[in-house]
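Engineer: Here is my input, please return the structure:
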Amino acid sequence: MFDQIFRKTFTINKHLNAPLVEERIKYLEHWNKLGRTNSTLTSIAQYLLRIIKYLNLESNRVITLKEIEVAANLWGRYQSNHPAKRINFSESAKQKFAWYAIDWIKKLNRLEQLPEDRIALFNKIFTKRHARLRHINNPLLKERLQYIQYWADNGAVDSSLRRISQYLLTIMKLLNFKEIRIVSLLEIQKAAEKWASNEHGHWLRKNNISKFATARFMRDTLGWFKMLGCLKVEAKKSIPFEDYLNGYLEYMHEEQGLSENTIKSRIGILTNFLFSIDAYHKDFIDVIPLTIDEILTKKHEIDGHSRRTVQSYTSIIRSFVKYAENHKWCKQRLADSIKSPRVYRYEQLPYSPSWDEVTKIISNTRTNHPTDIRDYAILLLLSVYGLRCSEVRNLRLEDIDWTNELLYLRRAKRCKPQTFPLSKTVGEAILRYLQKVRPNNCLLREVFLCRKSPYRKLTSSAIYGVVSNKLKPLNLKIKHHGPHALRHACATHLINDGVSLKEISNHLGHRMLDTTRIYTKVDLNSLRKVSEIELGDLL
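Structural biologist: Down below sits the predicted model:
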């Protein structure tokens, strides 16, 4: 075999006198039968000698992947020492060494046996052997498989899993992440910019930086590093008077019994307020009414918030200051001095598209595109039942009783349960989505999921985008283009159809009739009837 691929007698003798000659000849004959050229066979023969030397194959023992990795790194550094080379490490030499070493030693039955569950995932998503070996041979195999398995469990298709696997190797290379260590966010951002630069990009790219590539690199890196617990936690800026805030947080949770979403929104407002106070006073006991007035005025005149927004902001602050008074953290009667801006009743009537416009966007969404099939069902729930955004995103599979044609809801406010008859049109739209679009292999119980893996329930912003993308092209004269606009449209439509306020209140899940009564102010049909009354001699 050697006299077929080598011309010089010295070279032939060198290969014949080296250890494992029969095993090497058999391996070369294997590649010769596959039609490899003489130059390729020459390269393989040379690599086999290096593999014997660097892995000490003369001793009859089992070789581990870790040993092969160390030997491949040594060979990669050796290859880079050539005077004509300007690199410190030859990645291609390392990969070839590792590839031939694993393939040959495995044929010799001397490669360590990997647990099947460690490589089964790679066997599933990679059809080519050299691709499987490349991913198995790289460091942090267990840690990479853990992250890839997470995506697989959340319904990622094989093409996505292949992309993620390749991204993990790229992350390891750009961040020199060959063993677990703490990595800072700044280090990740620099690596993402390097990866997304035109140097690594597609030749058709017009810009120097691909924002899409940057976002994808950041997502996979942050997701993997958070799972590994090796992401450096940036020191958070301490909140002024944080002990007072934590005490009030416990009060809201334990005594007031507020929901997590309400507490979260209030904590954000109070944090902003305490930072503003800190700019005036370093001790909360020194806070005076004039300071709070200036902060509220700035909210409206400089930050541009409406009077209603400032009123809500003021109400939350007043409650916190009242709590602080009771614990003697501030001057007494300070809460009584906090005045809200005047907001006139019915100053801001609900704006909504007309029912004809709602019908138009629903009709335009009724296509065979998978995303439209999902969005069609969402738009019907928002329009027919007047559901809130959170009620749609939290709707679960068990909330639909197909046998009795009932829809079970738990209202967003006070979690009040409510039962509706399932409309035939809405039911058919949801059923079509479940049968044709929603992934069958997903363990999540929410009805509406994102279209791409890893599958997860829709966010509020995603549902807002579903409605907004349909309403904005119509150039309607409405202030808001989100899901609540369809809830307003539902209420106004029911008012115009002569449905009683009590029935509408029950339909929308309102606790008080006054909340529903505001829609009578925009009952244009009734207002037109009033304007058409013949006043006769009264004028």
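
Engineer: Strands along the stretch 351-500 of the chain, start to end?
Structural biologist: Shown for the stretch 351-500 of the chain, the strands assigned by DSSP state E, counting those that start in this stretch span residues 400-401, 406-410, 417-421.

Engineer: Adding mean pLDDT, write these out as a markdown table.
Structural biologist: Formatted as a markdown table, the strands of the stretch 351-500 of the chain follow (pLDDT from 0 to 100):
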| stretch | mean pLDDT |
| --- | --- |
| strand 400-401 | 91 |
| strand 406-410 | 86 |
| strand 417-421 | 85 |
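
Engineer: From those strands, pick the one with the highest average neighbour count.
Structural biologist: Sort these by mean neighbour count, taking mean count of other Cβ atoms under 10 Å, and strand 406-410 sits at the top with a mean of 17. Yep, even glycine has a C-beta here, placed from its N, CA and C like the rest.

Engineer: for the strands of the stretch 351-500 of the chain, which one sits closest to residue 11?
Structural biologist: strand 400-401 (75.8 Å; Cβ to Cβ).

Engineer: what pairs with that closest one, and is each one parallel or antiparallel?
Structural biologist: Strands adjacent to strand 400-401 in the sheet, as given by DSSP bridges, are strand 406-410 (antiparallel).

Engineer: Can you tell me what sits against the strand it pairs with?
Structural biologist: Residues outside strand 406-410 that contact it (Cβ atoms under 8 Å, 6 or more residues apart in numbering): 385, 387, 391, 394-395, 399-401, 416-422, 426, 509.

Engineer: ditto for stretch 14-33
Structural biologist: 1-2, 5-6, 40-41, 44-45, 48-49, 52, 57-58, 104, 107-108.

Engineer: and these, which are buried?
Structural biologist: Among those, those classed as buried by 16 or more other Cβ atoms under 10 Å are 1, 2, 5, 6, 41, 44, 45, 48, 52, 57, 104.

Engineer: could those residues be laid out in CSV, adding distance to residue 450, pLDDT and secondary structure?
Structural biologist: Below are those laid out as CSV (distance: Cβ to Cβ, whole Å; pLDDT from 0 to 100; DSSP: H, G, I helix; E, B strand; the rest coil):
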residue, distance to residue 450, pLDDT, secondary structure
1, 57, 73, coil
2, 59, 77, helix
5, 55, 82, helix
6, 59, 79, coil
41, 51, 87, helix
44, 47, 86, helix
45, 52, 88, helix
48, 50, 88, helix
52, 52, 86, helix
57, 51, 83, coil
104, 45, 85, helix
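
Engineer: export those residues to a markdown table and tack on distance to residue 171?
Structural biologist: Rendered in a markdown table, the data for the buried ones among the contacts of stretch 14-33 read as follows (distance: Cβ to Cβ, whole Å):
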| residue | distance to residue 171 |
| --- | --- |
| 1 | 42 |
| 2 | 42 |
| 5 | 40 |
| 6 | 42 |
| 41 | 36 |
| 44 | 31 |
| 45 | 35 |
| 48 | 32 |
| 52 | 34 |
| 57 | 33 |
| 104 | 30 |
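
Engineer: Would you work out how far apart the start and end of stretch 7-26 are?
Structural biologist: Using Cα to Cα, to the nearest Å, the end-to-end distance of stretch 7-26 comes to 20 Å.

Engineer: Give me the distance between that stretch and the centre of its chain.
Structural biologist: 56 Å (Cα atoms, centre = their mean, to the nearest Å).

Engineer: Report the buried residues of that stretch.
Structural biologist: Per 16+ other Cβ under 10 Å, stretch 7-26 contains these buried residues: 11, 12, 15, 20, 23, 24, 25.

Engineer: Doesn't residue 233 lie inside a helix?
Structural biologist: No: counting by DSSP: H, G, I helix; E, B strand; the rest coil, residue 233 is not found in a helix; it is coil.

Engineer: could you measure it against residue 495, distance?
Structural biologist: According to Cβ to Cβ, to the nearest Å, residue 233 stands 53 Å off from residue 495.

Engineer: So which of these two has more stuff around it?
Structural biologist: Neighbours were counted for residue 233 and for residue 495 using other Cβ atoms under 10 Å; residue 495 has more, 22 against 9.

Engineer: Residues in contact with stretch 456-463: which ones?
Structural biologist: Applying Cβ under 8 Å, 6+ apart, the contact partners of stretch 456-463 are 154, 378, 389-390, 392-394, 444, 446, 448-450, 483.

Engineer: how far does that stretch sit from the chain's center?
Structural biologist: On Cα atoms, centre = their mean, the centre of stretch 456-463 falls 10 Å from the chain's centre.

Engineer: what do you get for stretch 136-145?
Structural biologist: Stretch 136-145 has its C-alpha centroid displaced from the chain centroid by 24 Å (Cα atoms, centre = their mean).

Engineer: Also stretch 492-509?
Structural biologist: Distance, centroid of stretch 492-509 to centroid of chain: 38 Å (Cα atoms, centre = their mean).

Engineer: mean confidence for stretch 385-394?
Structural biologist: Mean pLDDT, computed over stretch 385-394, is 87.

Engineer: Using neighbour counts, pick out the buried residues of that stretch.
Structural biologist: Using 16+ other Cβ under 10 Å as the test for burial, stretch 385-394 gives 385, 386, 387, 388, 389, 391, 392, 393, 394.

Engineer: Show the contacting residues for the last one.
Structural biologist: It stands for residue 394. By Cβ under 8 Å, 6+ apart, the neighbours of residue 394 are 410, 412, 446, 457.

Engineer: Adding distance to residue 251, write the residues you listed out as a markdown table.
Structural biologist: Below are the contacts of residue 394 laid out as a markdown table (distance: Cβ to Cβ, whole Å):
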| residue | distance to residue 251 |
| --- | --- |
| 410 | 26 |
| 412 | 23 |
| 446 | 32 |
| 457 | 31 |
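
Engineer: if we take the residues you listed, which one ends up nearest to residue 131?
Structural biologist: Using Cβ to Cβ, the contacts of residue 394 come closest to residue 131 at residue 457, 33.6 Å.

Engineer: From residue 394, how far out is that closest one?
Structural biologist: 8 Å.

Engineer: Ok, residue 447 next?
Structural biologist: 9 Å.

Engineer: quick one, what contacts residue 321?
Structural biologist: Residue 321 neighbours (Cβ under 8 Å, 6+ apart): 292, 330, 334, 335, 338.

Engineer: Please tell me I have it right and the fourth one contacts residue 325.
Structural biologist: Read that as residue 335. Yes: using Cβ atoms under 8 Å, residue 335 is in contact with residue 325, at 5.9 Å.

Engineer: what about those two, which has more around it?
Structural biologist: Neighbour count, other Cβ under 10 Å: between residue 335 and residue 325, residue 335 has more, with 20 against 16.

Engineer: domain ranges for this protein?
Structural biologist: 2-107, 136-228, 242-337, 355-488 (automatic domain parsing).

Engineer: coming back round to it: whichever of the contacts of residue 394 end up buried, select them in ChimeraX.
Structural biologist: To isolate in ChimeraX the members of the contacts of residue 394 that are buried, counting by 16+ other Cβ under 10 Å, one can use:
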select :412,446,457
